[in-house]
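Asks: Take this sequence and fold it.
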Amino acid sequence: MIRVVLTAILLATPRAWAAGTIPRAPVEQDTSDERYANDLDGGDKHKRLFAARVLLRRTAEAARVGNRTTVDIQVMEARQRLSDFDRLIAPKCLRLLNTANIARPCAKMLGLLETANAVDALEDLAASDAGFCTRRAARWALKRIGSEQ
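Replies: Residues are numbered from 1 along each chain as shown. Below is the predicted model of the structure:
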């Protein structure tokens with residue numbers, strides 16, 4: 001008897017199907033380079049580290065595409081993006097190179113951007129008592145900057 005009642009209840013209940021994502025969410029997430037550059041010198045260390053990682057990934061991609069020898073639209077866009085990163089990121093990374101959790105990604109970004117005025121700060125970082133990986137990133141950036149001069 002109980003089985004019949006439970007089966008009737010289960011069959012009588014309406015089924016809800018997922019309709020998918022909301023087509024026009026009220027707030028779109030800002031993933032621009034400017035937003036991450038502003039987060040780079042923000043107060044929250046977690047947002048700062050996430051912004052440094054995102055900007056490092058974007059800088060590495062732009063450097064990889066921008067250093068190609070062919071001249072097509074993708075290479076020109078990547079070179080323009082590198083110049084934007086040089087204007088947005090390089091001064092902040094120079095200022096924040098002694099910050100503990102973003103020193104390594106900043107050193108790598110300065111190396112990828114081949115920022116010549118970062119040589120003194122990177123030499124200080126390479127000679128400091130920072131972690132091994134941070135010193136290695138600073139030495140790599142110095143080597144990359146030195147090979148372009």
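
Asks: alpha carbons only for contacts and neighbour counts from here, please
Replies: Fine.

Asks: Mind listing residues that contact stretch 79-89?
Replies: Stretch 79-89 is contacted from outside by 34, 37, 59, 62-63, 66, 113, 115, using C-alpha atoms under 8 Å, 6 or more residues apart in numbering.

Asks: do stretch 48-62 as well
Replies: Stretch 48-62 is contacted from outside by 33, 36-37, 39-42, 78-79, 81-82, 85, 101-102, 105-106, 108-109, 112-113, using C-alpha under 8 Å, 6+ apart.

Asks: any idea how far residue 139 lies from residue 121?
Replies: The gap separating residue 139 from residue 121 is 11 Å, by C-alpha to C-alpha, to the nearest Å.

Asks: In terms of neighbours, single out the busier of the two.
Replies: Applying other C-alpha atoms under 10 Å to residue 139 and residue 121 shows that residue 139 carries more neighbours, namely 20 against 17.

Asks: And residue 131, how far from residue 100?
Replies: 9 Å.

Asks: tell me the secondary structure for residue 43?
Replies: Classification of residue 43 using DSSP: H, G, I helix; E, B strand; the rest coil returns coil.

Asks: residues touching it, list them.
Replies: Residue 43 neighbours (C-alpha under 8 Å, 6+ apart): none.

Asks: how many neighbours does residue 119 have?
Replies: Other residues close to residue 119 by other C-alpha under 10 Å number 20.

Asks: Just the pLDDT for it.
Replies: pLDDT for residue 119: 91.

Asks: secondary structure element for it?
Replies: Following DSSP states H and E, one finds residue 119 within helix 119-127.

Asks: Which of the contacts of stretch 79-89 fall in helices?
Replies: 34, 37, 59, 62-63, 66, 113 (DSSP state H).

Asks: Tabulate these in a markdown table, adding columns for distance to residue 7 and neighbour count.
Replies: Shown next, in a markdown table, are the ones in helices among the contacts of stretch 79-89 (distance: C-alpha to C-alpha, whole Å; neighbours: other C-alpha atoms under 10 Å):
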| residue | distance to residue 7 | neighbour count |
| --- | --- | --- |
| 34 | 58 | 15 |
| 37 | 59 | 21 |
| 59 | 60 | 23 |
| 62 | 60 | 23 |
| 63 | 63 | 20 |
| 66 | 65 | 20 |
| 113 | 67 | 22 |
